[in-house]
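Chemist: here is a sequence with its predicted model. Questions after.
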Amino acid sequence: MKNLSIVTATFFAVFVSAFGSTSLHAAQQTLRIDVDGLVCAFCAQGIEKKMKAQVATDKVFVSLEKKVVALSLKDGQDITDEKIRSEITDAGYAVRGITRLDDSFDALKAKIKASKVKANE
């Protein structure tokens, strides 16, 4: 029994060092999407609804003032930049940029709220 425990522990250590811990559990991704055309709360609500309808989406925050969308993806899920552009463009807005970040969703949301410069300035 002791030998089985040693073999199991050794196998696990070799597996993790060979493949890295990220292959065992994918990290949640956060995206910042800069959008032109947001002028009212209805606009923000429309984008939020459109992005929440995506299977990979976990959380959405839309800053009407900063013209930015923060998007958090579910663990192990992804959505292409092309799909994001398509969804937002189809809703009648222009995507100026998509940035994939290591920040948590809450940290990105806080940065957006704290920023003093509007996205189009």
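Modeler: Everything's here; your move. Numbering: from 1, shown residues only.

Chemist: which residues in this protein form strands?
Modeler: For the chain, the strands defined by DSSP state E occupy 30-36, 57-63, 68-73, 94-101.

Chemist: which outside residues touch the last one?
Modeler: Which is strand 94-101. 29-37, 81, 84-85, 88-89, 108, 119 (C-beta atoms under 8 Å, 6 or more residues apart in numbering). Using the backbone N, CA and C atoms, a C-beta is placed for each residue, glycine as well.

Chemist: can you check the third one too?
Modeler: Under the criterion C-beta under 8 Å, 6+ apart, residues 28-35, 47-48, 51, 56-63, 79, 84, 88, 105, 108-109, 112, 119 lie in contact with strand 68-73.

Chemist: angle of it against strand 57-63?
Modeler: 170 degrees (axes from the mean of the first three to the mean of the last three C-alpha atoms, to 10 degrees).

Chemist: surely Leu38 touches Leu64?
Modeler: Yes. Using C-beta atoms under 8 Å, Leu38 makes contact with Leu64 at a distance of 5.4 Å.

Chemist: between these two, who's got more neighbours?
Modeler: Counting neighbours by other C-beta atoms under 10 Å for Leu38 and for Leu64 shows that Leu38 has the greater number, 23 against 16.

Chemist: show me the contacts for the more buried one.
Modeler: Leu38 touches Ala44, Ile47, Val62, Leu64, Lys67, Tyr93, counting by C-beta under 8 Å, 6+ apart.

Chemist: model confidence score at it, please.
Modeler: Per-residue pLDDT puts Leu38 at 91.

Chemist: and Lys109, by the same measure?
Modeler: 96.
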